[in-house]
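quick one, what's the 3D model for this:
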Amino acid sequence: MSADDQQFLDALASVPVLLRQYTDNAADFINIHVDHAAEYLRDTINSHDWIPLTVRSRPPPKPPVAVVAASRLEQVQDWVARHKILTGVIVLACGTLVYKGYRRSLSLRKTRRAKKARNGGRTEVVVLAGSASLPLTKSLALDMERRGFIVYVVCNAAEDESTVSALARQDIRPLTIDTTNPPSAGSAIERFALHLQSGQAPAPNVKPNQLTLKAVILIPSLHYQTSPIATIPPSSFADLFNTHLLQPILTIQAFLPLLTSRLQPVGEKWVPPKVLVFTPSIISSINPPFHAAEATVCSALSAFTEVLTAELRPLDIPVTHMQLGTFDFSGFVPARHPLAHAPAGNPEDTLVWPDGARHVYGRNFMAQTTSAISGGRIRGLKGSSLRHLHNAVFDVIDGSNTAGTVRVGLGAGVYGFVGRWMPRSLVSWMMGVRKVDQLSTWHSSSCEGSSREDSEIGEETSASHEFVAVTPEKNVWRSDDSNIWGPSPPQV
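Here you go, the predicted model:
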């Protein structure tokens, strides 16, 4: 075969390859333009609302997306990112609980002992100005004595001295001060100051140690009678203010010269004594109905404490207001004693009220008495342990706690918050107090009788400008004039 024949055969063989190449290119060109035309036509048809849905083409399905399961950490992070405020509240609450738990554990592990002299004798003195028969006074005296203090309990009568002697503790001693007689009280304070300076010997033939007054603790009564204001005779109000308000004020007044005299052992730096004023804070925080006695006295003592703090602050004498909640006194009172339970009103008290007072106040009084938060404590819960109070008092005495107000005891902080921020009407409603629609009718005979009494009282008042005379055991509810209220309403 010649070279020309071979060249012709090679050219003939390349024709199918070239034809296939041109055919593929033409097919690709046609496919591309047909796809563009089909897409343009589909978009045009789908964009017109007048074309029926059956004619419109469906969009091509989206390619499946692979779902990857998130880890537990990623789920938590996603939840936190979507709930930032709730997460912040949870973190704050948990942090507060952890901090309080840590502080409480440190407080329980703290060693609380009074300082002693080099010879082992006791040198620090604490004065308890409260009734020796109160369970709080007894428990605090025993605890302070156990921690190494010499405890003096202020006594106004021989019965109080006998109660202190019955404790049978060598370092719990009575301190007789008649606060109702200022000259006698001043002499007693002078003798007590000389005793502190002269000191006492821990054992025979041992040099006496000079004593240091560390604190004066004022403990007024923690329990009050509950009754409507209209049923409390004026003489009861007078006795209440004398025993529960005036007596504590006179006691502090008697000790003020001793507190400001800067008594200290020779060669030692003067450390000012502390003044602690105890008041029950639950009732005075919310001021519920039928608790006028406690609310009035405790509010007055709180105001007196604020003024005392302001007067003693320039003298570097700290005053601490101990606002008390509810405590468990089961170890100091019999099980059947009223103080072993909630200090609430007795429903049987309504039986001695006049019919008018019982009709107006009886239902709400009994509802409040039997409510879950009556008497200043939550029904079904025991009070706090007295150990919390003892530790708080020691921390104030040794200077660990310098706060002006210390709340301790079950309900002290909660009721303080409720009394400050919750409406009074809501608090009364929670205690069962409801509106009274039916009231008794006032007759003219009572007005005439009251006008005669007012004239008599006015004559007595005009005879003396120093005091206002009141008739003992009388109030606006005249139980002897049963007819002024009309028919007696049914007893509640």
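
dump stretch 405-420 to PDB, keeping only the CA atoms.
Extracted as PDB, the C-alpha positions of stretch 405-420 are listed here (Å, rounded to 0.1, in the frame of the first residue of the first chain):
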ATOM      1  CA  THR A 405     -29.000  45.400 113.500                       C
ATOM      2  CA  VAL A 406     -28.800  41.700 113.800                       C
ATOM      3  CA  ARG A 407     -31.800  39.400 112.900                       C
ATOM      4  CA  VAL A 408     -31.700  36.000 114.400                       C
ATOM      5  CA  GLY A 409     -34.300  33.300 114.900                       C
ATOM      6  CA  LEU A 410     -37.000  31.700 112.700                       C
ATOM      7  CA  GLY A 411     -39.000  34.200 110.800                       C
ATOM      8  CA  ALA A 412     -37.000  37.300 111.800                       C
ATOM      9  CA  GLY A 413     -35.700  38.000 108.300                       C
ATOM     10  CA  VAL A 414     -38.800  36.700 106.400                       C
ATOM     11  CA  TYR A 415     -41.300  38.800 108.400                       C
ATOM     12  CA  GLY A 416     -39.100  41.800 108.100                       C
ATOM     13  CA  PHE A 417     -39.100  41.500 104.300                       C
ATOM     14  CA  VAL A 418     -42.900  40.900 104.300                       C
ATOM     15  CA  GLY A 419     -43.600  43.900 106.600                       C
ATOM     16  CA  ARG A 420     -41.400  46.100 104.400                       C
END
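
buried sites along that stretch?
By neighbour count on 16 or more other C-beta atoms under 10 Å, the buried set for stretch 405-420 is Val406, Arg407, Val408, Gly409, Leu410, Gly411, Ala412, Tyr415, Gly416, Val418, Gly419. Where C-beta positions appear, they are placed from N, C-alpha and C, glycine not excepted.

show me the contacts for the last one.
Contact analysis of Gly419 by C-beta atoms under 8 Å, 6 or more residues apart in numbering lists Ser285, Ile286, Asn287, Val427.

which element is it on?
helix 412-421 (DSSP states H and E).

just the mean pLDDT for that helix, thanks.
Mean pLDDT, helix 412-421: 79.

try stretch 114-125
Averaging the model's pLDDT scores along stretch 114-125 yields 86.

so how far is it from its chain's centroid?
Chain-centre distance of stretch 114-125: 36 Å, with C-alpha atoms, centre = their mean, to the nearest Å.

same question for stretch 240-253.
Relative to the chain's own centre, stretch 240-253 is displaced by 25 Å; criterion: C-alpha atoms, centre = their mean.

can you give me the end-to-end span of that stretch?
For stretch 240-253, the separation between the terminal residues is 19 Å (C-alpha to C-alpha, to the nearest Å).

and Ser285, what helix or strand is that in?
With the criterion set as DSSP H and E, the secondary-structure element containing Ser285 is helix 282-286.

show me what that helix is packed against.
Other elements packing on helix 282-286 under the criterion 3 or more C-beta pairs under 8 Å, 6 or more residues apart in numbering; DSSP states H and E are helix 292-312, helix 412-421.

and the helix or strand hosting Gln77, average pLDDT?
Using DSSP H and E, the element containing Gln77 is helix 72-82. Taken as a whole, helix 72-82 carries a mean pLDDT of 85.

please export the C-alpha coordinates of it as PDB.
Output in PDB follows, covering the C-alpha atoms of helix 72-82 (Å, rounded to 0.1, in the frame of the first residue of the first chain):
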ATOM      1  CA  ARG A  72     -24.900  16.900  76.100                       C
ATOM      2  CA  LEU A  73     -22.500  19.800  76.500                       C
ATOM      3  CA  GLU A  74     -23.700  21.500  73.300                       C
ATOM      4  CA  GLN A  75     -27.300  21.100  74.400                       C
ATOM      5  CA  VAL A  76     -26.500  22.800  77.700                       C
ATOM      6  CA  GLN A  77     -24.700  25.600  76.000                       C
ATOM      7  CA  ASP A  78     -27.600  26.100  73.600                       C
ATOM      8  CA  TRP A  79     -30.100  26.200  76.500                       C
ATOM      9  CA  VAL A  80     -28.000  28.700  78.400                       C
ATOM     10  CA  ALA A  81     -27.800  30.900  75.300                       C
ATOM     11  CA  ARG A  82     -31.600  30.900  75.000                       C
END
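
now for it, which elements pack on it?
Contact partners of helix 72-82 among helices and strands, from 3+ C-beta pairs under 8 Å, 6+ apart: none.

now it: buried residues?
For helix 72-82, using 16+ other C-beta under 10 Å, no residue counts as buried.

could you do stretch 162-169 as well?
If you call a residue buried by 16+ other C-beta under 10 Å, then stretch 162-169 has these buried ones: Thr163, Val164.

what sits up against that stretch?
Defining contact as C-beta under 8 Å, 6+ apart, one finds that stretch 162-169 is touched by Ala132, Ser133, Lys138, Ala141, Leu142, Glu145, Val151, Val153, Cys155, Ile172, Arg173, Pro174.

next SSE downstream of the host helix or strand of the last one?
The reference is to Pro174. Assigned by DSSP H and E, Pro174 belongs to strand 172-176. For strand 172-176, the succeeding helix or strand toward the C-terminus, using DSSP H and E, is helix 182-198.

C-terminal to that next one, what's the next element?
Remark: after helix 182-198, the chain's next helix or strand is strand 212-219, criterion DSSP H and E.

tell me the buried residues in the very next helix or strand once past that next one?
The helix or strand immediately downstream of strand 212-219 is helix 234-240, counting by DSSP H and E. By neighbour count, with 16+ other C-beta under 10 Å as the criterion, the buried positions of helix 234-240 are Ser236, Phe237, Leu240.

dump these to CSV, plus pLDDT.
CSV is the format used below for the buried residues of helix 234-240 (pLDDT from 0 to 100):
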residue, pLDDT
Ser236, 87
Phe237, 86
Leu240, 88
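
how is the protein carved up into domains?
Domain segmentation of the chain under automatic domain parsing yields 72-106, 120-430, 444-485.

quick check: Phe278 is in a strand.
Yes. Assignment of Phe278 by DSSP: H, G, I helix; E, B strand; the rest coil places it within a strand.

if I look at it, how far off is Thr137?
When C-beta to C-beta, to the nearest Å is the yardstick, Phe278 and Thr137 sit 10 Å from each other.

when those two are compared, which one has more neighbours?
Each of Phe278 and Thr137 had its neighbours counted (other C-beta atoms under 10 Å), and the higher figure belongs to Phe278 (27 against 24).

and the more buried one, what's its pLDDT?
The predicted structure scores Phe278 at 95 on the pLDDT scale.

what do you get for Asp454?
49.

ok so, going back, in PyMOL, select just the buried ones from the contacts of stretch 162-169.
One line in PyMOL is enough to select the buried members of the contacts of stretch 162-169, burial here meaning 16+ other C-beta under 10 Å:
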select buried, resi 132+138+141+142+145+151+153+155+172+173+174
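
okay if I get the contacts of stretch 162-169 as CSV plus distance to Thr87, pLDDT and secondary structure?
Supplementary listing: these in CSV, determined by distance: C-beta to C-beta, whole Å; pLDDT from 0 to 100; DSSP: H, G, I helix; E, B strand; the rest coil:
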residue, distance to Thr87, pLDDT, secondary structure
Ala132, 55, 89, coil
Ser133, 54, 88, coil
Lys138, 50, 93, helix
Ala141, 50, 94, helix
Leu142, 49, 94, helix
Glu145, 51, 94, helix
Val151, 51, 94, strand
Val153, 54, 94, strand
Cys155, 59, 92, strand
Ile172, 54, 93, strand
Arg173, 59, 93, strand
Pro174, 60, 93, strand
